[in-house]
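S.K.: Here is my input; please provide its structure:
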Amino acid sequence: MKKIFLAVCFTLLESAAVNAKITEISDRAAVPQPQTRVQAEAPKVQSMTSEALENFLEERIKAAVVEDAQKITTGSINAVRSPEAQKALEEQNKPEFQKIYEAAMARVIQRQGPSDIRLPQAAPQIAEQKKAWERPNFPVVEAVLPDSPERVLIPAKEHIPYLLAKIDILPDGVVKIEETVTVVANGEKLRTGVHKRLPSSILLRDGTRQDISYTFVGASINGQPADYKIARGSSGFLLTPVREEALNPGVYTYRFTYLAHNLMGVYPDFDEFYWDVTGSSWDLVIGKTGATITYPQAGEPLGQVVLVGAPNGLSPAWGNIIRLTPVSFGYRSTRPLFVGEGFHIISSLPHGVIAAPSFGNLWFRKIEKHSDVVFSALALLMIVAGFLVSGSYVRRNVGQLRVTLKKTAPLLRFLYAGRYDIKSFGAFILELYKKNIIDIQQAGDTILLVKRTDQHKNLSICEQKALQAMFGPSEAVFNVNKNNLIKIRRASRFIEKEVRRDFGLFRLKLNSGYILFSLAMLFAGEICIALFAQNPEMLKVLIPGTLALTGGCLLFYVQSVRNLYNIAARAFGTALVLLTGTVMASTVSLPAVALIFCAVLAIFYFTSGYGKRSGLLKPYIDETAAQKEYLRRHKDSIMLGREIANRQANILVLDMENEFPADRKNEYYKLGTIIDMMRKLG
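M.R.: Just a heads-up that it's a prediction; the model follows:
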């Protein structure tokens, strides 16, 4: 379906293959001047309607004199003004024609309706000017337009002198559109090139909306390939440059080619094509607008109409239809278009000329329409399936996994009892004794810890800090009593921190494969959403938004000894989730945002499942039960000699101290002393 656009207000620019030829109007004598003789009587025309203005402008352009080719002084595409024209612009008392022109331009800028134009008071010379002026007395450029080899004068003000759409309706219902847009750019509105909005849906006769999608084919500027794209935005699609670059003043011819899918309205007795050639969204005057449409063979329209004007003032009176070939027609506007005005073509075809979409195409359209919801839901399902598969694998291969846990006595207590307590710290003291770092002595109610060495390289950083918290930089003896309770608690916090950190890292390593798989599925779903929307820029919102949602959820896991910190963390996490969801909803639908958030929650929920005692940690907890049984079977041999020093920390954390009673004859038995220490500390 091919489109030719509207009319003849400011005759146009540059050819498709050759740069526009622009001539500086430097000789004032070469420009016919308005007559200055005094009229015998006052003019009858005191004001001008909008329709009269449009006719006047059209006639003035038709009457413009084309410069002789020998007078062309430059091949540049930059629009230039003559010294006389520049001087005229700066004068307070401007010619009446220029006032009329600028009033029309003001109407464009202010988006006034056709009845809202305010024209200056007509001067006495206006009747003579309308008959005698051969050229408008304001800045002009000379250019060759795509539809004619002749050079014409066009206003140097920023506008679109020429817009043509060539439309092919293919038998499968796909519509190929090739648009040629010639613009005069002065750095006012067209600072970074041409941008055009494309509709995301059409309104059918039954009141429902039918979604449209596009496939971008190519673009060129003055015959040279240009990087453009069609991206989905919040209010439709946007044909825009891939990279924004400054556009120098001049005359440019743009050509865009793209395919529109699902554009045809299908009814029981006929099929219908509707397209607004200009889109009614240009912020510039369009001088000449037209389109050509080529229909499928044997697809002559049952009826067609061209409507021109603003949405509340469309009229067929300003459009013409011409048959070009048996299967193609031409359409044009007989007047210029101002801001907010469109060039609408409606054409009905016999039902069956356009092939009915296949079952696969119908489903593809449905998926495409709700692609953000579909791919968000698929990502969530893959995350759930990934947990089930990885969980089964971990259970079957618990002894063969490369993930290992360094089971210190405090960590063994955390696995066995699910908590850190006073026995965990007592086991830490017994391990220091086993490593020959300290000696444990008891005399009556007095319990002393005596440092044996300052070489602590075999201790972890947290263990070294705990030891430092008790003994300080220089002390060698630590008296375990309530006077040193603060030091003991500080040392215990270091050990607890290490236990929780090591256990958390163990859980993370245990399910690292699942976490990476889940994040990959979630990001893959978001990439598919962006690809189906033909808007890769969406990823700049979706991926950071997903990470922000993850951060908001993490804040709910903050556990501080101060309840105020916990409340603040949860409040900030809630605010972060709500703010991120609002931002993401500007890019995808609200259900899609909800599904992405559910996927993040699922990752947290299933990841925590790896840490549940009845879940994937159960095999490791069962190992503690096996170790407890081992100690019970080898009780007699353990109580002999130094072996008790190696085992008593584990005996304590596994709650077996009553099964290994005190043996005063074994000097390595310190379990009783540690039990007394725990009683003293309460």
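S.K.: wait, what's in contact with His159?
M.R.: Residues near His159 by C-beta atoms under 8 Å, 6 or more residues apart in numbering: Phe10, Val183, Val184, Leu284, Val285, Ile286, Gly287. Where you see a C-beta, it was placed from the backbone N, CA and C, and this is true even at glycine.
S.K.: my bad, Ser220
M.R.: With C-beta under 8 Å, 6+ apart, Ser220 has these contacts: Ala226, Tyr254, Arg255.
S.K.: For Asn262, which non-adjacent residue is closest in space?
M.R.: Ile212 (5.5 Å; C-beta to C-beta, 6 or more residues apart in numbering).
S.K.: Relative to Val194, how far out is the one you found?
M.R.: Per C-beta to C-beta, to the nearest Å, Ile212 is found 20 Å from Val194.
S.K.: Same drill for the two, tell me which one is more crowded.
M.R.: A side-by-side neighbour count of Ile212 and Val194, using other C-beta atoms under 10 Å, places Val194 first with 23 against 17.
S.K.: which SS class is the more buried one?
M.R.: coil (DSSP: H, G, I helix; E, B strand; the rest coil).
S.K.: on that earlier part again, which of the contacts of Ser220 sits closest to Met584?
M.R.: Set against Met584, the nearest of the contacts of Ser220 by C-beta to C-beta is Ala226 (31.5 Å).
S.K.: Number of residues surrounding the residue lying closest to the closest one once chain neighbours are set aside?
M.R.: Excluding its sequence neighbours, the residue lying closest to Ala226 (C-beta to C-beta, 6+ apart) is Ala219, at 4.6 Å. By the criterion of other C-beta under 10 Å, Ala219 has 23 neighbours.
S.K.: Just the pLDDT at Ala219, thanks.
M.R.: The confidence metric pLDDT takes the value 94 at Ala219.
S.K.: repeat for Asn436
M.R.: For Asn436, the predicted pLDDT is 91.
S.K.: Please report how far it lies from Asn646.
M.R.: Using C-beta to C-beta, one obtains 12 Å as the distance from Asn436 to Asn646.
S.K.: center of this protein - which residue?
M.R.: Centroid check for the chain by C-alpha atoms, centre = their mean gives Met538 as the closest residue, at 2.1 Å.
S.K.: pLDDT score for Val339?
M.R.: 82.
S.K.: before we move on, what about the one 4 residues further on?
M.R.: On the pLDDT scale, Phe343 is placed at 93.
S.K.: isn't it right up against Val308?
M.R.: Yes - under the criterion of C-beta atoms under 8 Å, Phe343 makes contact with Val308 at 5.7 Å.
S.K.: of those two, who's got more company?
M.R.: A count of neighbours by other C-beta under 10 Å puts Phe343 above the other of Phe343 and Val308, at 31 against 28.
S.K.: May I have the helix or strand that contains that one as PDB, with CA atoms only?
M.R.: In this structure, Phe343 sits in strand 342-350 according to DSSP states H and E. Taking Å, rounded to 0.1, in the frame of the first residue of the first chain, the C-alpha atoms of strand 342-350 are listed here in PDB:
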ATOM      1  CA  GLY A 342      -3.500  13.900   9.300                       C
ATOM      2  CA  PHE A 343      -4.000  12.300   5.900                       C
ATOM      3  CA  HIS A 344      -6.200   9.300   6.400                       C
ATOM      4  CA  ILE A 345      -6.800   6.600   3.800                       C
ATOM      5  CA  ILE A 346      -9.600   4.000   4.300                       C
ATOM      6  CA  SER A 347     -10.000   1.300   1.700                       C
ATOM      7  CA  SER A 348     -12.300  -1.800   1.600                       C
ATOM      8  CA  LEU A 349     -11.300  -4.900  -0.300                       C
ATOM      9  CA  PRO A 350     -13.300  -8.000  -1.200                       C
END
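S.K.: which strands and helices sit next to the helix or strand following it?
M.R.: Downstream of strand 342-350, the next assigned helix or strand under DSSP H and E is helix 359-369. Judged by 3 or more C-beta pairs under 8 Å, 6 or more residues apart in numbering; DSSP states H and E, the packing partners of helix 359-369 are strand 209-211.
S.K.: Parallel or antiparallel, which strands does the strand it packs on pair with?
M.R.: Sheet pairing for strand 209-211, assigned by DSSP bridges, gives strand 201-203 (antiparallel).
S.K.: residues of the partner strand that come out buried?
M.R.: For strand 201-203, the neighbour count (16 or more other C-beta atoms under 10 Å) marks Ile202 as buried.
S.K.: Give the rounded mean pLDDT of that strand.
M.R.: Averaging pLDDT along strand 201-203 yields 87.
S.K.: ok, Leu388 - contacts?
M.R.: Residues counted as contacts of Leu388 (C-beta under 8 Å, 6+ apart): none.
S.K.: Look at the residue of the chain positioned farthest from its centre and give its secondary structure.
M.R.: For the chain, the largest distance from the centre (C-alpha atoms, centre = their mean) belongs to Lys665, which lies 75.3 Å off. Secondary structure assignment for Lys665 (three-state DSSP): coil.
S.K.: measure Val653 to Tyr416 for me?
M.R.: Counting by C-beta to C-beta, the gap from Val653 to Tyr416 is 6 Å.
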